[in-house]
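S.K.: Model the following, please.
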Amino acid sequence: MALTRGRGLSLLERKITIAKLSSFLFVAVFLLIFFLHSPFLAQASEEPSPKVGKHLFRHYCAVCHGVSGKGDGVNADYLGDVHPADLTSESIDKLDDEEIYEVIEGGGAAVDISYYMPPWGAVFSESQIHSIVAYIRTLSAANGSKEGAVVRFSDLGKQGDEGCVACHSKEDNLLQPIGPNIGHEGSKLKKEWLAGFLKRPERLRPIGYMPLTKSKMPNFYFTDAEVDALVAYLMTLKDEGVNRQVLAGWNPTDPDEIEKGQIYFEEDYACDGCHTRSADGPGGIVGPDLLYAAKRILPEWMFYWIKNPQRIRPDSPMPNFNIPDDQIRSILAYIYSLAGDASIAMTVADEASADAAQLAKGKKIVESKNCRGCHLIDSFNSQSGVAEMIESEISLEN
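M.R.: Residues are numbered from 1 along each chain as shown. Predicted structure coming up:
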């Protein structure tokens, strides 16, 4: 604004100047507040927390490294000739933080040690890995084995990409649902297997669905009519993100694909570190026995699960290996060949066909048995809108 020589601003000019200055100050203050409270700035300046690291370690790492970090976890003896590192040892104490960080982020293959140590870089944020490193530091004899205080999942702040996938689900506390989300059963399970399971539940993972809980579904002694109603209702619960087209052209009977899949399974991704493939055969006890996968799980759902487990189950202890789609299809061919009848692998999700009365009966049974006490029942689309959904529906604690 030009000033007139020899006189001051007019009343109108002063009002305009004050209005412009007020607008500028408002924008400046808004931007200052925004940047001070930005989650990106907060994450960059956040100090590693042994308390957070302890909880993540117990949930994801203790099955192999042990609760105390001494390499004596429940899965430690199922890794062949390999043994998990004793994180309390002097050799670990001599490593700098970045070296430990690199192992956690990229896995053993990235630093030429055992490939049974999986990569966690696609699951944890940088801040979370630094927190795990900070907690590991407290385990060594040199540091007096000082442990961080106990922390719940609901105590953890927002971390990483994909809407806090490593720490937050649809509920405030991930320690409550000790069973799977059954809001996806129609996109995940085969009806015949589900009916048999409801009649006689069995533990699919020796150490429990949630790591180290040994959780097992009780036998409710359902009648045949109740099982039929339950199955009919559960089959209507879908994950709309699971699309059959991902397996277009997939041939599970192709010997070359099966052979490639076995190599990926055993060598590239060391899946046998967590899974067995026969009742008495070698393999880990963290995941379910894959001998029965073809009879239990729909292949299109399995594709998405292998591609990114945390999309479907945000607190999944299974690593995300960022496996290319063609390799996933090869791995599926191998897994589904284990059943001995590759044709059953081609079974895809059936559309629900039940009358309203039967569906209402099934829903009523779910409510009367308080299935929500152990399970989430959430049919969200796992392949889109995850971040927005979680951010809008969870009240994060600071």
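S.K.: isn't G179 right up against Y209?
M.R.: Yes. Counting by C-beta atoms under 8 Å, G179 touches Y209, with 5.5 Å between them. Quick note: C-beta positions are derived from backbone N, CA and C, even for glycine.
S.K.: what residues are shared contacts of those two?
M.R.: S215 (C-beta atoms under 8 Å, 6 or more residues apart in numbering).
S.K.: who has more neighbours, the two?
M.R.: Y209 (21 against 17; other C-beta atoms under 10 Å).
S.K.: Now the more buried one, what are its backbone angles?
M.R.: Note on Y209: its backbone torsions stand at phi -60, psi -50 [degrees, to the nearest 10].
S.K.: separation between it and S316?
M.R.: 10 Å (C-beta to C-beta, to the nearest Å).
S.K.: Over to the residue lying closest to V52 once chain neighbours are set aside. Which of the three states is it?
M.R.: Nearest in space to V52, with sequence neighbours left out and distances taken as C-beta to C-beta, 6 or more residues apart in numbering, is S131 at 4.3 Å. S131 falls in the helix class when you classify it by DSSP: H, G, I helix; E, B strand; the rest coil.
S.K.: S131 and S49 touch, don't they?
M.R.: Yes. If you go by C-beta under 8 Å, S131 and S49 touch, sitting 4.8 Å apart.
S.K.: So between the two, which is more surrounded?
M.R.: S131 (27 against 22).
S.K.: In contact with the residue nearest to V52, which residues?
M.R.: Counting by C-beta under 8 Å, 6+ apart, S131 touches 48-50, 52-53, 56.
S.K.: Now pLDDT too, for those residues, in JSON lines please.
M.R.: JSON lines is the format used below for the contacts of S131 (pLDDT from 0 to 100):
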{"residue": "P48", "pLDDT": "88"}
{"residue": "S49", "pLDDT": "92"}
{"residue": "P50", "pLDDT": "94"}
{"residue": "V52", "pLDDT": "94"}
{"residue": "G53", "pLDDT": "95"}
{"residue": "L56", "pLDDT": "94"}
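S.K.: In helices, which of those residues appear?
M.R.: Judged by DSSP state H, the contacts of S131 include 50, 52-53, 56 as members of helices.
S.K.: Dump those into TSV; add neighbour count and distance to R329 as well.
M.R.: Converted to TSV, these look like this (neighbours: other C-beta atoms under 10 Å; distance: C-beta to C-beta, whole Å):
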residue	neighbour count	distance to R329
P50	21	41
V52	24	37
G53	24	36
L56	25	32
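S.K.: Grab the two from the residues you listed that are most spread out in space.
M.R.: Based on C-beta to C-beta, the longest span within the ones in helices among the contacts of S131 runs between P50 and L56 and measures 10.5 Å.
S.K.: Mutual contacts of these two, please.
M.R.: 131, 135.
S.K.: re earlier: could the ones in helices among the contacts of S131 be laid out in CSV, adding distance to Y115?
M.R.: What follows is the ones in helices among the contacts of S131, written out as CSV (distance: C-beta to C-beta, whole Å):
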residue, distance to Y115
P50, 28
V52, 27
G53, 24
L56, 22
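S.K.: mind listing the helices for the stretch 51-200 of the chain?
M.R.: 62-65, 90-93, 97-106, 126-137, 185-188, 191-199 (DSSP state H, counting those that start in this stretch).
S.K.: mind listing the strands for this protein?
M.R.: Counting by DSSP state E, no segments of the chain form strands.
S.K.: Can you give the domain ranges for it?
M.R.: 50-155, 182-239+350-393, 244-346 (automatic domain parsing).
S.K.: can you give me how far the shortest one is from the chain middle?
M.R.: Domain 182-239+350-393 has its C-alpha centroid displaced from the chain centroid by 18 Å (C-alpha atoms, centre = their mean, to the nearest Å).
S.K.: re the thing from before, going by distance to T253, which of the ones in helices among the contacts of S131 wins?
M.R.: Nearest member of these to T253, counting by C-beta to C-beta, is L56, at 41.1 Å.
S.K.: so the closest one sits right up against H130, yeah?
M.R.: No. When contacts are counted by C-beta under 8 Å, L56 is not listed as touching H130 (10.9 Å).
S.K.: follow-up on the earlier one: so which of the ones in helices among the contacts of S131 is the closest to Y101?
M.R.: For those, the nearest to Y101 is G53 (11.7 Å; C-beta to C-beta).
S.K.: Report the separation between that closest one and V286.
M.R.: 20 Å.
S.K.: next one: E102
M.R.: From E102 to V286 the distance is 23 Å (C-beta to C-beta).
S.K.: Those two: which has the busier surroundings?
M.R.: Neighbours were counted for E102 and for V286 using other C-beta under 10 Å; V286 has more, 22 against 16.
S.K.: thinking that one is in contact with P317, fair?
M.R.: Yes. Using C-beta under 8 Å, V286 is in contact with P317, at 6.8 Å.
S.K.: hey, what's in contact with both of the two?
M.R.: Counting by C-beta under 8 Å, 6+ apart, the contacts common to V286 and P317 are 63, 211.
S.K.: Grab the nearest non-local neighbour of K369.
M.R.: Excluding the flanking residues, the one nearest K369 by C-beta to C-beta, 6+ apart is F220, at 6.2 Å.
S.K.: burial of the closest residue to D97 other than its chain neighbours, as a residue count?
M.R.: Among residues not flanking D97 along the chain, V133 sits closest, at 5.2 Å (C-beta to C-beta, 6+ apart). The local packing of V133 (other C-beta under 10 Å) involves 21 other residues.
S.K.: ok, now Y304?
M.R.: Neighbour number of Y304 under other C-beta under 10 Å is 21.
S.K.: which residues does it contact?
M.R.: 241-242, 246, 311-312, 382-383.
S.K.: Point out the ones among the residues you listed that are inside helices.
M.R.: 311-312.
S.K.: Save the contacts of Y304 as a markdown table, and put in pLDDT too.
M.R.: Listed next are the contacts of Y304 as a markdown table, based on pLDDT from 0 to 100:
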| residue | pLDDT |
| --- | --- |
| G241 | 93 |
| V242 | 94 |
| V246 | 94 |
| R311 | 93 |
| I312 | 92 |
| S382 | 92 |
| Q383 | 90 |
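S.K.: Relative to K361, which of the contacts of Y304 is nearest.
M.R.: V242 (26.1 Å).
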